[in-house]
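> Just the structure for this:
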Amino acid sequence: MVINPDHPREEIAAWLTANGIDPGDVPLNGQIDIGTNSEGAPVIRHTVLLRRDGHRYLNDDGTGPASEQRETPMLVAPPDYSGWGTQHQLTIRTQIETRRGPDGWAEHRKTGLSLVACNCGFTTGWTPQADLPSLADLTSQHGGT
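Here you go, the predicted structure:
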């Protein structure tokens, strides 16, 4: 099981603390997995940012913070994530062109291209408006309004 990084950070931090892990040492984009060790006991596998003399430092090639993977016994079960989920959310954008007009003011015109995107990862790219899926098709596939 992987802990959802979109879950509120405060709840994840409280759960890490309850399991003896300093949440300040776990990178925000780090993956946190729950599994079992060789004896079958539950463990938390996570990345930890390393400290030397109380300060974080760079890895050997200087491209990022020094870190290591750790496995910590799980003492407290993770929060219940059953109520959390990503809902579809459609966004439609219309492309415009802009230029400076002869009077010095900006002029705008539509290019005839639009882009439809959903937070599930769906996107049409810039597409002629006549070739876009209908709004009825989009809402039946992605919900919303």
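
> what stretches of the protein score poorly on pLDDT?
Low-confidence segments of the chain (pLDDT under 70): 1-6, 81-86, 143-145.

> gap between residue 76 and residue 14?
Applying Cβ to Cβ, to the nearest Å, the value for residue 76 to residue 14 is 9 Å. Every C-beta, even on glycine, is put in place using the N, C-alpha and C of the backbone.

> what's the neighbour count on residue 92?
Residue 92 has 13 neighbours, counted by other Cβ atoms under 10 Å.

> Identify the bridge partners of it.
Beta-bridge partners for residue 92, by DSSP bridges, are residue 116.

> Check whether it really touches residue 114, as I assumed.
Yes - with contacts counted by Cβ atoms under 8 Å, residue 92 reaches residue 114, the gap being 6.1 Å.

> could you say what helices and strands the lengthiest helix in the chain packs with?
Secondary structure of the chain per DSSP state H: the longest helix is helix 9-18. Of the remaining helices and strands, none touches helix 9-18 by 3 or more Cβ pairs under 8 Å, 6 or more residues apart in numbering; DSSP states H and E.

> Return the helix or strand just after that helix as CSV; C-alpha atoms alone will do.
Once helix 9-18 ends, the next helix or strand along the chain (criterion: DSSP states H and E) is strand 33-36. Output of strand 33-36 as CSV, limited to C-alpha atoms (Å, rounded to 0.1, in the frame of the first residue of the first chain):
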residue,chain,number,x,y,z
ASP,A,33,5.0,2.5,1.4
ILE,A,34,3.5,0.1,3.9
GLY,A,35,4.6,-3.5,3.7
THR,A,36,5.9,-6.3,5.9
